[in-house]
Each structure stands twice: as C-alpha cells, then as structure tokens.
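Participant: Provided below are the primary sequence and the corresponding predicted coordinates.
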Amino acid sequence: EADIYQTPRYLVIGTGKKITLECSQTMGHDKMYWYQQDPGMELHLIHYSYGVNSTEKGDLSSESTVSRIRTEHFPLTLESARPSHTSQYLCASSGQGNYEQYFGPGTRLTVT
Amino acid sequence: GNSVTQMEGPVTLSEEAFLTINCTYTATGYPSLFWYVQYPGEGLQLLLKATKADDKGSNKGFEATYRKETTSFHLEKGSVQVSDSAVYFCALLNQAGTALIFGKGTTLSVSS
C-alpha cells in the first residue's frame, strides 16, 4: 500500500485567496509529481521534481508553483485563486529507477 | 508527440460479463504501458503494467498485452464484478521517463 498523503481532501475558497495544497510521502521516493484532473476526468501533468531543490513544469501550463525543500514534501501553491483553478489535484511519487507512480487521494479544489 | 487513445465510455455491463477497454498509443520507441484504476473519491491505483513488447500484465483478473504491431494495450477481464465499477486509465511513460501520458479515462459501471 502506497504511503502518500494529500491535505486537504476538499477545499472551497473565494477568489483571490492564497492556497497551499500539501503532499507528503513516506516511501523515500526521489521523484514527485502534480497532476490536474479536469471534470471530464482527463489528467495532465503540471509539475514534477527529481529531488530536493529540483522542480520542473509539466505538459499543462499552470499558474501554480511548487517547492521541494525536503524529499518527502512537495507542496503546491496558488498565490491568487480563481474559478478557473477549480479542479482535482493529484500528487504522485516514484522511486529511483522505478517507473511506477503511486498516487495520493487527491485534493478537490473549488474556487467561488 | 506521445498520446494515448482510449475507447469512450461509459461502459455498462452486467455482473459476470466480459470486459474489453481498448487502448492505443502513439510514441517514439517502445514505452512502458500502464493501466490505472480510480475508484469514486479516490486517487489512482496502478492496476497492471507491461514494459516491453509482448509482455502481458495481469492483476485481480484483469489482463493486457503489449502489442507493438498494433500499438495497443487493451484491458480485458473475463467476468466483471460490481466492485470493478470505476474509471480506468491507460497510460504510457514518456521517453525521458519524466511523466505518464494518460488517456481520457473510461468509466465502467457494473450492475448486479
């Protein structure tokens, strides 16, 4: 069973607020990822990290930012939330040389 | 570029029916291929994988064979259960190994 956690699970927030979505894993994985899942269920990579102090943008442009100060932690921040940011955000991780990605339960964000 | 095409859902079946969910891909070389499953309100779970041509991945009664000739990785199960109701995603790992490219997902609904 994968040990990857996301908080909060659900968040409803007003436009203009700053939010941080938390993601932590206890597997010691080097690689971590953030995906955005739209209402039609399609998933798109928005950020990834190979390790501490490494962050890269994914295939889908996003106004969010990420940081990787500790191996186990990969938070995603939106400085000013907008209704267009309403989506489900999934965090994942994978180990060195292991292509299997383990997913957290997701955060469902609604911006009103 | 890389892409994954899945049959559109929803797929509605009776319990014990045979399941096929088609998946084809476009990619450079021979990428690793995956099927993930997402149960309601949860993150994605790896269902099965195949890393080279002619490999057969299997798990929980599901199977998929990596066919390079037809660039396909169709998911099959001989007898579905109500508990199999979920969204199924076909995915490939990009050549750089940095990200999974997902299909749009296929919703399966099994009734008793």
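Facilitator: In hand now; what should we look at? Just so you know, these numbers come straight off a predicted model, no measurement behind them.

Participant: which outside residues touch the lowest-mean-pLDDT helix or strand in chain B?
Facilitator: The helix or strand of chain B with the poorest confidence is strand B:100-102; it has a mean of 90 (mean pLDDT, DSSP states H and E). Contact with strand B:100-102 is made by A:42-45, A:59, A:101, B:2-4, B:27, B:34, B:36, B:89-94, as judged by CB atoms under 8 Å, 6 or more residues apart in numbering or on different chains. From N, CA and C alone the C-beta is placed, and that goes for glycine too.

Participant: Among the residues you listed, name the buried ones.
Facilitator: Neighbour-count burial (16 or more other CB atoms under 10 Å in any protein chain shown) applied to those gives A:43-45, A:101, B:2, B:4, B:27, B:34, B:36, B:89-94.

Participant: partner residues bridging the most centrally placed residue in chain A?
Facilitator: The residue lying closest to the centre of chain A (CA atoms, centre = their mean) is A:Trp34, at 3.4 Å. For A:Trp34, the beta-bridge partners are A:His47, A:Cys91 (DSSP bridges).

Participant: hang on, isn't it packed against A:Tyr48?
Facilitator: Yes: counting by CB atoms under 8 Å, A:Tyr48 is a contact partner of A:Trp34 at 7.3 Å.

Participant: who touches both of those two?
Facilitator: In contact with both A:Trp34 and A:Tyr48: A:Gly58, using CB under 8 Å, 6+ apart.

Participant: B:Leu47 - how many residues pack around it?
Facilitator: The number of residues packed near B:Leu47 is 21, by other CB atoms under 10 Å in any protein chain shown.

Participant: ok, now the one 5 residues further on?
Facilitator: Counted by other CB under 10 Å, the residues lying close to B:Lys52 total 11.

Participant: and the closest residue to A:Ser54 other than its chain neighbours, which of the three is it?
Facilitator: Leaving aside its sequence neighbours, A:Ser54 sits nearest to A:Arg68 (CB to CB, 6 or more residues apart in numbering or on different chains; 6.1 Å). Following DSSP: H, G, I helix; E, B strand; the rest coil, A:Arg68 is assigned to coil.
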